[in-house]
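J.: take this sequence and fold it.
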Amino acid sequence: MSREDELRDILNKTAKEISRTQSNPRTWVSWMVYLLGQLEQEAINQNPDKTAFNEMLSALQDVIRNRQKTGGW
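T.: Below is the predicted model:
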């Protein structure tokens with residue numbers, strides 16, 4: 001199993017656990033914010049210049065807008 005497959009498996013299990021813990025998707029926002037905060041800290045640890053992280057957030061906004069318009073990821 002590749003490292004990417006292992007990470008997908010971890011994320012799939014995490015998503016299921018969040019869903020089991022809190023069945024209302026509206027409450028998942030706090031977990032998404034927590035994850036983004038952790039990723040931001042990791043990005044800062046690797047490179048204090050937050051440009052790349054901010055670019056990722058902008059790309060994420062685009063993906064979310066597209067998801068809302070088209071219904072697909």
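
J.: separation between I18 and L35?
T.: Taking CB to CB, to the nearest Å as the measure, I18 falls 10 Å from L35. Quick note: C-beta positions are derived from backbone N, CA and C, even for glycine.

J.: so these two - more neighbours on which side?
T.: Neighbour count, other CB atoms under 10 Å: between I18 and L35, I18 has more, with 17 against 13.

J.: skip the chain neighbours and tell me the closest residue to the more buried one.
T.: Distances taken as CB to CB, 6 or more residues apart in numbering place W31 nearest to I18, at 5.4 Å, with adjacent residues excluded.

J.: which of the helices or strands spans that neighbour?
T.: Per DSSP states H and E, W31 falls inside helix 29-46.

J.: give me the next element, helix or strand, following that helix.
T.: Assigned by DSSP H and E, the successor of helix 29-46 is helix 51-70.

J.: quick one, phi/psi of S23?
T.: Backbone torsions of S23, given as degrees, to the nearest 10, read phi -80, psi -20.

J.: now it: how far from E42?
T.: If you go by CB to CB, the gap between S23 and E42 works out to 29 Å.

J.: over to E55?
T.: Taking CB to CB, one finds E55 at 15 Å from E42.

J.: likewise R26?
T.: R26 is 27 Å from E42, by CB to CB.

J.: kindly export stretch 5-22 (C-alpha atoms) in PDB.
T.: C-alpha atoms of stretch 5-22 as PDB (Å, rounded to 0.1, in the frame of the first residue of the first chain):
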ATOM      1  CA  ASP A   5      -3.300   5.000   0.100                       C
ATOM      2  CA  GLU A   6      -2.500   4.800   3.800                       C
ATOM      3  CA  LEU A   7      -3.300   8.500   4.200                       C
ATOM      4  CA  ARG A   8      -6.600   8.100   2.400                       C
ATOM      5  CA  ASP A   9      -7.500   5.100   4.600                       C
ATOM      6  CA  ILE A  10      -6.700   7.200   7.700                       C
ATOM      7  CA  LEU A  11      -8.800  10.100   6.400                       C
ATOM      8  CA  ASN A  12     -11.700   7.800   5.500                       C
ATOM      9  CA  LYS A  13     -11.700   6.300   9.000                       C
ATOM     10  CA  THR A  14     -11.500   9.700  10.600                       C
ATOM     11  CA  ALA A  15     -14.500  10.900   8.500                       C
ATOM     12  CA  LYS A  16     -16.500   7.900   9.600                       C
ATOM     13  CA  GLU A  17     -15.600   8.500  13.200                       C
ATOM     14  CA  ILE A  18     -16.600  12.200  13.000                       C
ATOM     15  CA  SER A  19     -19.800  11.100  11.400                       C
ATOM     16  CA  ARG A  20     -20.500   8.600  14.200                       C
ATOM     17  CA  THR A  21     -19.600  11.100  16.900                       C
ATOM     18  CA  GLN A  22     -21.700  13.900  15.500                       C
END
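
J.: nothing else from me, thank you.
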